[in-house]
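In: got a predicted structure plus its sequence, pasted below:
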Amino acid sequence: MSGNSPDEYLNKNRGKLFHPPDSFTKTTRLNDDSLYRKAKQDRLSFWSEMAENLHWVEKWDQLLDDANPPYYKWFVNGKLNISENCLDVHINNGLGDKKALVFEGENGDSVSLTYSQLLKEVCKFSSALNKLGVKKGDAVTIWMPMIPESIVAMLACTRIGAVHSVVFGGFSPDALKDRILDSESKVVVTADGSYRRGKVIPLRSAAEEALDECPSVENVVIVKRTGNDFKLKEGRDLLWSELMETAEDPFDPVVMDAEDPLFILYSSGTTGKPKGILHTTGGYLVGVKTTFQYVFDHREDDIYWCTADIGWITGHSYIVYGPLSNGSSTFIYEGTPDYPERDRFWELIEKYRITVFYTAPTAIRSFMRWGNHYVDKHDISSLRLLGSVGEPINPEAWLWYYEQIGKSNCPIVDTWWQTETGMTILTPLPGVTPLKPGSVTMPFPGVEVDVVDDDGKSTGPGQKGFLVIKSPWPAMLRNLYGDPERFEKTYWEQYPGLYFTGDGAWKDNDGYFWIMGRVDDVLNISGHRIGTMEVESALVEHPSAAEAAVIGKADEIKGQSITAFVTLKEGVEGNDELVQELKKHVSKKIGAIARPQEIFFTYELPKTRSGKIMRRLLRDIAEQRDLGDVTTLMDPQVIASIKEGYGAKH
Ligand code: 7RM
């Protein structure tokens, strides 16, 4: 575990409170504890009141059905459509000409779509999908760059009731294939390629074989973004532009039940196979609309920028559904922060007068290292609120962000949540909650969270334990797609009646929560979740590898980096060439984010007598710590030899 531990906290004495700056409280919507009080008084009527802010075709007749845990239902028999709540509703309220989506490409091209224009595009693509035979409940996979069409495709799915599965554009075609096969998608929406640091990354042409191996796929729709060449497969592949030419508008939203599936998003767990996290319609939208409104202090004139990719939950909830259901203007950027120069983000904030900026600690630590002069070149005084998500933020990075980016005028909302939770769970309310650098502060109103020990008992202040959620919340995952057993086992069996998050945490004397990181075999590389087992299975698929153990090694910028220990098959020689080949192999199987930073060959892996790999020991070796208890080890010699081999390289 990394993160902000009690000892570090006490050592550094970072107890200082940061109250909402005056400039912020002057305009904020909420600067008292009324929301906390209301929710505390009656949690369920709080959520019921929040749900009234959506447009329901038919109101629910039961707020929460908890008769059959962990299969909770929210807003039972309520009917609504998500795209209608994100688009039509605002247009009917006179916001048709307001910017819904503002886009800048890596090469500087810029497009913005008003709510009316976005609705038109969404209707057209809904009609196109409809003509392709996509019906309510069918799955559609979206494998795209960060361009407006990606969001149009997501919203069109929700308009016709199709279940989208967005696969991060940086995942490899092999990973794409696994996810298409698992979701049995009928249609795949992709692009010819994407721009990244001045280069074209091919998408459609790279996925030639992968797509051919997916029998469920009837059509592939391709957006031309880069002009990169690909072979159009007759009868299956269609161009986005051609489909849109003949598509019809308007297209009526399909009425959905509150518990109808909305999307599947694959996320890493503790086995080699990613979990298809399933979210449904009503509860998810109530959760993300409410949290967006209060956590990001939604104001009509905001230009809001969340730097995540739509391939992650943060993109789903806080680029698309949260901002649009509130009628905000959401900005998206196609490229990376360091191209063409390391001031790209500050340039964009200046150009678009961004007011709310939400990014990840790994990015903040990079900005910090690159130096203040990149920031100082630009007028970023439009900013009024900052956010952080994805991993624990160290107090140093927090303070830098606060002072250098926020100029000590912007609260920072450090939001803890997961793909599974759908919405922010632990977070400050920016006009209300005093901040402590490194702490995610408190549960969002209407959410109940605790830290417990091995026996599920609440821990005292300063005591490390496991983070759990004590009662159901609207945007919670409903299941793992096609695998209810794993759903029950992963989240609900550890502690009866409590949702197990997989994170370690502690509370301080003021009841503030401090996150320490994952306690399971899930890595957090630059805020992205990668399972150790996923990387291990990719490695052992290589013909030279016999066995592999993967660990996360503390990394100053990325939080963690991947180190792999590999044993080779008889007669195979472990040399630098093979290291490179194995790294490439993992990139191919999963994607560049899972590529190990270092690979070591060893004759054996350290295992317990029952044959479990002791990753803890490997972590200690990699981080050059004293090894703790090794008495359960099957063959203590192994450690000496790994240490020797590892030491020789460092
Ligand atoms: C939103 C997202 C979830 C895991 C989670 C934590 C870690 C996320 C924070 C954080 C400390 C934070 N979803 N995490 N946010 N740790 N402080 N503010 O990242 O499903 O991809 O990852 O990320 O370990 O369990 S995720």
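Out: Alright, I've got the coordinates. None of the values given here were measured: they were computed from a predicted structure. Numbering: from 1, shown residues only.

In: identify the residue spatially nearest to Ala363, adjacent ones excluded.
Out: Pro337 (6.2 Å; C-beta to C-beta, 6 or more residues apart in numbering). For every residue, glycine as well, the C-beta is placed using N, CA and C.

In: can you tell me the SS state at that neighbour?
Out: Each residue gets one of three states, and Pro337 gets coil by DSSP: H, G, I helix; E, B strand; the rest coil.

In: ok, it touching Trp346?
Out: No. Proximity of Pro337 to Trp346 does not meet the contact threshold set by C-beta atoms under 8 Å, at 9.1 Å.

In: how long is stretch 394-403 end to end?
Out: From its first residue to its last, stretch 394-403 covers 14 Å (C-alpha to C-alpha, to the nearest Å).

In: Val221 bridge partners, please.
Out: For Val221, the beta-bridge assignment (DSSP bridges) gives partners Val189, Leu238.

In: quick one: it from Val413, how far?
Out: Val221 sits 36 Å away from Val413, taking C-beta to C-beta, to the nearest Å as the criterion.

In: also Ser45?
Out: Distance from Ser45 to Val413, counting by C-beta to C-beta: 25 Å.

In: swap in Asp178?
Out: Asp178 sits at a distance of 34 Å from Val413 (criterion: C-beta to C-beta).

In: comparing those two, which residue is more hemmed in?
Out: More crowded of Asp178 and Val413, by other C-beta atoms under 10 Å: Val413, with 25 against 20.

In: dig out what that one forms beta bridges with.
Out: Residues found in beta-bridge contact with Val413 (criterion: DSSP bridges) are Gly387.

In: report the contact partners of it.
Out: Listed by C-beta atoms under 8 Å, 6 or more residues apart in numbering, the contact set of Val413 reads 295-296, 358, 385-388, 427-428, 430.

In: count of residues packed around Tyr374?
Out: Under the neighbour criterion other C-beta under 10 Å, Tyr374 is assigned a count of 18.

In: wait, a helix at it?
Out: Yes. According to three-state DSSP, the state of Tyr374 is that of a helix.

In: I'd assumed Asp338 was in contact with it.
Out: No. Proximity of Tyr374 to Asp338 does not meet the contact threshold set by C-beta under 8 Å, at 9.4 Å.

In: mutual contacts of those two, please.
Out: Common neighbours of Tyr374 and Asp338 (criterion: C-beta under 8 Å, 6+ apart): none identified.

In: of the contacts of Val413, closest to the ligand?
Out: Ser388 (6.0 Å; C-beta to the nearest ligand atom).

In: what about the nearest residue to the closest one once chain neighbours are set aside, how many residues nearby?
Out: With C-beta to C-beta, 6+ apart as the measure, Asp414 is the residue that lies nearest to Ser388, at 4.6 Å, once sequence neighbours are left out. Here the number of neighbours of Asp414 (other C-beta under 10 Å) works out to 25.

In: so what pLDDT did Asp414 get?
Out: Asp414 carries a pLDDT value of 98.

In: which residues of the stretch 251-400 of the chain fall in helices?
Out: Along the stretch 251-400 of the chain, the segments classed as helices by DSSP state H, counting those that start in this stretch run 281-295, 313-315, 322-325, 344-352, 361-370, 372-376, 395-400.
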